[in-house]
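> quick check, what structure comes out for this input:
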Amino acid sequence: MPELIWKGKEQVVNHHLEVPVKTLDRQYTFNGAGEAESDNKIIHGDNLEALKALLPQYEGRVNCIYIDPPYNTGNESWVYNDNVKDPRIVKWLGEVVGKEGEDLCRHDKWLCMMYPRLQLLKRLLADDGTIWISIDDNEVANLRLVMDEIFGQRNFIANVIWQKVFSPKNTAKHFSEDHDFIMIYARNAETWRPNPMPRTTSQDGAYKNPDNDPRGPWTSGDLSARNFYGEGTYSITCPSGRIIENPPSGRYWAISKQKFEELDRNNRIWWGKNRGNMPRLKRFLTDVKQGVVPQTLWSYKDAGHTQDAKKELLAVLDFETSADVFVSPKPTKLIDRILHIATDKNSLILDSFAGSGTTAQAVLNLNKKDNGNRKFILIEMMDYAETITAERIKRVIKGYGEDTKEVVATGGDFTYFTLGERVFNEDGNLNEAIGPTKIREYVAWSEKLPEAQNDNNPYWLGEKDRTGYYFYYESDTVTVLNLDFLATLSHQTEAYLVYADTCLLDAEFMHRKHIRFKKIPRDISRF
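Modelled structure (predicted):
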């Protein structure tokens, strides 16, 4: 398989493993019930760190990922461009790539930025999940090779062409760029299957019923084929008396004479109004699969265009100047099409380059339309995460417009988060400042435990492979694994694994009782 090499690659290939795990700090829940945390999340913070922070709760659970990363045209105002000056990125490149970071071209920088993020997105993707990436010609070739490397060449699904504009740009130097790509990979292409697209009125309009067949509307299809068929050469006598000696020149009847006569007796052969035309097979609308296989060419009529997207955004939010409006937001119609193909009513959708929040609006719209329960997670690193991204979703949930709720509310809720502190300090010690709950969540994830059922024992983490896990931790007390603690265990399992500060049980007793001890914080895995 071809491999893409660029300056800085060696330093970023495994960088996702070095990114510290941070907590997600809840700021508020909008439109929720009391203090309960919503399953919908908007996270403000660097998306590399935010993706790592999601792993303890969401690794392998996201059904659909859509991202719209910077296209890297060379003249964008994003922080990774050719003239990078943002101190956060200068610092990051210096720390991760080293002095080589000073000599990177914009394509090197883009690839250095994308690679570790794609690594973490893969870890979050469910076994039946797909990732959809909007991109244009500037990086589509590089992205394809990187995706082949990370997700596997065999898991490539398609590269959709989306017609993003409806009229040519006469100011173009060479060609008017009328399309973007949407690159699609599955976690496992062998088992993933797309949902069919709903049939359109024009597709159903091809079905008529000129003979008033009680089975309903139908269309006709050719009965001949190019490929040789041993029983495919015979004469046919039409109801009008006309004899058709052979199938059309160079072709064969696609069915045997016996099968043909059976279909004719069942009124599934159309002879034309004069009953003497070349026979055709009647295919009834009721026999057609109620859906259409997705295609790779998406017209703006079906998937919206950039002007649609700007109008949608301006309808929801107020911008002081036209310069403040997003240059290339995506229309909800585009994301809606992706959701139709890639999700069901209970799917979890992640967008880690959230921008103005189109993905969340599309999720809420679709839930309202089909009474679904899809959930979204948005990540946005820029300062407008609350004033634009979250604000847009608030108005969509509550309804918006000049007249009273001109656009009907979708309903729903979300919790707004910022990135918190690291689980481990830079010296490797457990950061007790994050609190016992966050530490417990991290330990449960590091042990790959299924979600634990509620239990009266506050130290119970869950069960895996007939082993009960306990995290015996108090922020202001030294915890001891001894007989007194064993007496509090509430679950009868074949074996036990207990985290604590220290252990007073002897090795022989622990071996006999199938008890394992892990010392806090030394034995807590670091990811």
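> got the confidence number for the closest residue to D46 other than its chain neighbours?
If you skip the residues right next to it in sequence, D46 has M381 as its closest partner in space, 5.0 Å away by C-beta to C-beta, 6 or more residues apart in numbering. Yep, even glycine has a C-beta here, placed from its N, CA and C like the rest. The score at M381 is 91. That number is its pLDDT.
> likewise for A323?
56.
> can you pull the contacts of the residue nearest to D46?
For M381, the contact set (C-beta atoms under 8 Å, 6 or more residues apart in numbering) comprises H44, G45, D46, N47, A50.
> the third one: neighbour count?
When you say that, I think you mean D46. Other residues lying near D46 total 19 when counted by other C-beta atoms under 10 Å.
> any idea how far it lies from I379?
Using C-beta to C-beta, to the nearest Å, we find D46 at a distance of 9 Å from I379.
> between the contacts of M381, which is closest to H107?
Each of the contacts of M381 was checked against H107 using C-beta to C-beta; the closest is N47, at 19.8 Å.
> what about that closest one, distance to M382?
Using C-beta to C-beta, we find N47 at a distance of 10 Å from M382.
> which one of those two is surrounded by more residues?
Taking other C-beta under 10 Å, N47 and M382 do not tie; N47 has more neighbours (22 against 14).
> contact partners for the more buried one?
Residues counted as contacts of N47 (C-beta under 8 Å, 6+ apart) are R117, S352, F353, I379, E380, M381.
> helices - which of these land there?
With DSSP state H as the criterion, helices contain R117 from among the contacts of N47.
> and C238, how far is that from N274?
Using C-beta to C-beta, we find C238 at a distance of 9 Å from N274.
> out of the two, which sits in the busier spot?
With neighbours defined as other C-beta under 10 Å, C238 and N274 compare such that C238 has more, 17 against 10.
> show me what contacts the more buried one?
Applying C-beta under 8 Å, 6+ apart as the definition, the contact partners of C238 turn out to be I244, W271, R275, G276, N277, P279.
> again with I42
By C-beta under 8 Å, 6+ apart, the contact set of I42 is 354, 357, 360, 377-378, 380, 385, 389-390, 393, 414-417.
> now, those residues that are in strands?
Secondary structure assignment by DSSP state E places I377, L378, E380, F414, T415, Y416, F417 of these in strands.
> compare those and tell me which has the most neighbours.
Neighbour max across the ones in strands among the contacts of I42 (other C-beta under 10 Å) = L378, 29 neighbours.
> with adjacent residues omitted, what lies nearest to it?
The shortest distance from L378 to any residue that is not its chain neighbour, by C-beta to C-beta, 6+ apart, is 3.8 Å, and that residue is A354.
> for F326, see how far away the one you found is.
Applying C-beta to C-beta to A354 and F326 gives a distance of 11 Å.
> just I379 next, same as before
I379 sits 17 Å away from F326 when distances are taken as C-beta to C-beta.
> same question for V316.
12 Å.
> domain ranges for this structure, per the record?
By the assignment in automatic domain parsing, the chain contains the domains 9-151+300-422, 201-287, 432-519.
> ok, and the closest non-adjacent residue to the residue of the chain most remote from its centre?
In the chain, counting by C-alpha atoms, centre = their mean, G241 sits farthest out from the average C-alpha position, at 60.2 Å. Residue nearest to G241 in three dimensions, not counting chain neighbours: G276, with 7.5 Å by C-beta to C-beta, 6+ apart.
> next one: D370
For D370, ignoring the flanking residues on the chain, the nearest one in space by C-beta to C-beta, 6+ apart is K345 at 6.5 Å.
> who are the contact partners of the one you found?
N367, D370, N371, G372, N373, R374.
> then the residue farthest from the centre of the chain would be within a strand, right?
No - counting by DSSP: H, G, I helix; E, B strand; the rest coil, one finds G241 to be coil, located in no strand.
> follow-up on the earlier one: which of the contacts of M381 fall within strands?
Going by DSSP E, the strands hold H44 from the contacts of M381.
> can I get the contacts of M381 in a markdown table with pLDDT and distance to A172?
Supplementary listing: the contacts of M381 in a markdown table, determined by pLDDT from 0 to 100; distance: C-beta to C-beta, whole Å:
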| residue | pLDDT | distance to A172 |
| --- | --- | --- |
| H44 | 97 | 37 |
| G45 | 95 | 38 |
| D46 | 93 | 35 |
| N47 | 93 | 32 |
| A50 | 97 | 37 |
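> okay if I get the contacts of M381 as TSV plus distance to G129?
Putting the contacts of M381 into TSV (distance: C-beta to C-beta, whole Å) gives the following:
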residue	distance to G129
H44	25
G45	23
D46	23
N47	18
A50	18
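> for the chain, where's the lowest mean pLDDT among helices and strands?
Taking mean pLDDT, DSSP states H and E as the measure, the helices and strands of the chain show their lowest mean at helix 87-96, namely a mean of 73.
> about what we covered before: hmm, the residue farthest from the centre of the chain is touching N274, no?
No - with contacts counted by C-beta atoms under 8 Å, G241 stays clear of N274, the gap being 11.0 Å.
> tell me, what's touching the two both at once?
Shared contacts of G241 and N274, counting by C-beta under 8 Å, 6+ apart, come down to nothing at all.
> so what's K85 scoring on pLDDT?
Looking at K85, the pLDDT reads 50.
> the helices in the stretch 101-250 of the chain, which residues?
Listed in chain order, the helices found in the stretch 101-250 of the chain under DSSP state H, counting those that start in this stretch are 106-124, 140-151, 201-204.
> from W6, how far out is V13?
Separation of V13 from W6 (C-beta to C-beta): 11 Å.
> neighbour count: these two, which is higher?
Neighbour comparison, V13 and W6: the larger count goes to W6, with 18 against 14 (by other C-beta under 10 Å).
> phi, psi for that one please.
As for W6, its main-chain torsions (degrees, to the nearest 10) stand at phi -150, psi 160.
> over to the one 3 residues further on?
For K9, the backbone dihedrals (degrees, to the nearest 10) come out as phi -60, psi -40.
> what sits against it?
Applying C-beta under 8 Å, 6+ apart to K9 gives the contacts L111, C112, Y115.
> pLDDT at it, what is it?
pLDDT recorded at K9 is 93.
> tell me where the stretch 301-450 of the chain has helices.
With helices called from DSSP H, counting those that start in this stretch, the stretch 301-450 of the chain shows them at 306-316, 332-342, 358-370, 391-398, 436-446.
> can you list those helices in a markdown table and add mean pLDDT and mean neighbour count?
Below are the helices of the stretch 301-450 of the chain laid out as a markdown table (pLDDT from 0 to 100; neighbours: other C-beta atoms under 10 Å):
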| stretch | mean pLDDT | mean neighbour count |
| --- | --- | --- |
| helix 306-316 | 88 | 18 |
| helix 332-342 | 97 | 23 |
| helix 358-370 | 97 | 22 |
| helix 391-398 | 95 | 21 |
| helix 436-446 | 87 | 19 |
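> if anything else comes up later, I'll come back, but that's it for now.
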